[in-house]
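# show me the folded form of this:
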Amino acid sequence: METLKTIPVAAPQMGEEEKRAVLAVLDSGQLAQGPVVEAFEREFAAWCGVRHAVAVNSGTAALHLLMLAHCLGPGDEIITSPFTFVSSANAALFVGAKPVFVDIETETYCLDPSKVEASITPRTRAIMPVDLYGHPASINELRELADRCGVILIEDACQAHGAGIDGRKAGALGVDATFSFYPTKNITTGEGGMVTTDDDRVAEKVRMLRQHGATERYHHDILGYNFRMTEIAAAIGRAQLKKLDHWNEVRRRNASLLDEGLAGTPGVRTPRERPGYRHVYHQYTVLIEGDRDRFRERLQELGIGSAVHYAVPVHRQPLYRDLGYGSVSMPEAERAADHVLSLPVHPGVSESDLERIVEAVRKVAATA
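Reported below is the predicted structural model:
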């Protein structure tokens, strides 16, 4: 009996355009940050609809430098989500600030704006929601709250390239934002990140900080870091950016077909897209009412790859328990951590693959 090939939950899309772009950089002899990075920044800023995009070597670096650009530091509290990759909260620790966790919405898994105000104290300096799985957080509501309370709002859009609200893209929703170009993201540079902003001062500060605080070669005005993006990474990013709109549409089509196929499946809740919002399905994440881990094992037996993002909420990570967060309770984040499961939705998934995924999920659900 022929064994079916496993459908992977993630598959970075690379073509001849990316290969040619990398070879052109290698042939040029200019490998460190230079004109290709500058071109990628201009193109990404134009694509998002902002004045500035500043490239760095990771999404984590983008978060770190944006916090420094806003002068966040010791004694400051930064409200953020407990249900995301740990780098979001870690960036607050990098600058000596204190992460303050607020629980998430049931439907979108993003920071719940109705719960944020109660956590604002005189030490609160910033609110940092995460656009989780490719669905924007409630930026408009949070921006109104931040303005009213006199605090900074930073959008962690590291999973939301091309997502949006009311026709405006993530990164251009009126607040400074960060993106990641990790290999599994909707667009990759291998590793890399970007800060987007309409604030000239913030952009200039991030540019200085990414390059040892330099305003010109060998002139270092402030303490900075080596967080530069390479020309090779930017070359891949420029080639990928030309394809991103199409890839996002494929993800949305794949998600729609999964929604249709899985509708009514007992014990399986499909993702939600809030009206007026645009989900770009960095992950297609369902909620399994029963034993999620056993469900995942049985899907693997049927040749369906899946992943858990994230099995341990940030406030339950050993690092954060050691920092005194052991008694923090985030019921929605904890429930999500026990029950979410991401299924393949990337542009490499074919229609026959989608049929297999739906058939397998329904089969497992029927016997769960």
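# every contact and neighbour count from this point should use C-alpha atoms.
Fine.
# so residue 203 touches residue 52, yeah?
Yes - with contact defined as CA atoms under 8 Å, residue 203 counts as touching residue 52 (6.4 Å).
# neighbour count winner among the two?
Neighbour count, other CA atoms under 10 Å: between residue 203 and residue 52, residue 52 has more, with 24 against 21.
# hang on, the more buried one packs against residue 196?
Yes - with contact defined as CA under 8 Å, residue 52 reaches residue 196; the gap is 5.7 Å.
# need the overlap of contacts for the two.
45, 203 (CA atoms under 8 Å, 6 or more residues apart in numbering).
# shared neighbours of residue 203 and residue 52, anything?
195, 196, 197.
# quick one: the strands in the stretch 51-200 of the chain?
Assigned by DSSP state E, counting those that start in this stretch, the strands in the stretch 51-200 of the chain fall at 52-56, 77-80, 98-101, 124-128, 152-156, 164-165, 168-169, 176-180, 193-197.
# now those strands in a markdown table, with distance to residue 344 and mean pLDDT?
Shown next, in a markdown table, are the strands of the stretch 51-200 of the chain (distance: least, CA to CA, whole Å; pLDDT from 0 to 100):
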| stretch | distance to residue 344 | mean pLDDT |
| --- | --- | --- |
| strand 52-56 | 28 | 98 |
| strand 77-80 | 28 | 98 |
| strand 98-101 | 29 | 98 |
| strand 124-128 | 28 | 98 |
| strand 152-156 | 23 | 98 |
| strand 164-165 | 22 | 98 |
| strand 168-169 | 24 | 98 |
| strand 176-180 | 20 | 98 |
| strand 193-197 | 24 | 98 |
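# low-confidence stretches in this protein?
1-3 (pLDDT under 70).
# spatially central residue for it, please.
Using CA atoms, centre = their mean, the residue of the chain that lies closest to the mean C-alpha position is residue 159, 2.2 Å off.
# list the contacts of that residue.
With contacts defined as CA under 8 Å, 6+ apart, the neighbours of residue 159 are 131, 132, 133, 134, 179, 180, 185, 186, 282.
# one more pass at 6 Å, please.
133, 134 (CA atoms under 6 Å, 6 or more residues apart in numbering).
# so what does it look like in phi/psi?
Residue 159 adopts backbone torsions of phi -110, psi 20, taken as degrees, to the nearest 10.
# could you check how far it is from residue 150?
Residue 159 is 27 Å from residue 150, where distance means CA to CA, to the nearest Å.
# then residue 176?
Taking CA to CA, one finds residue 176 at 15 Å from residue 150.
# more crowded one of the two?
More crowded of residue 176 and residue 150, by other CA under 10 Å: residue 176, with 24 against 12.
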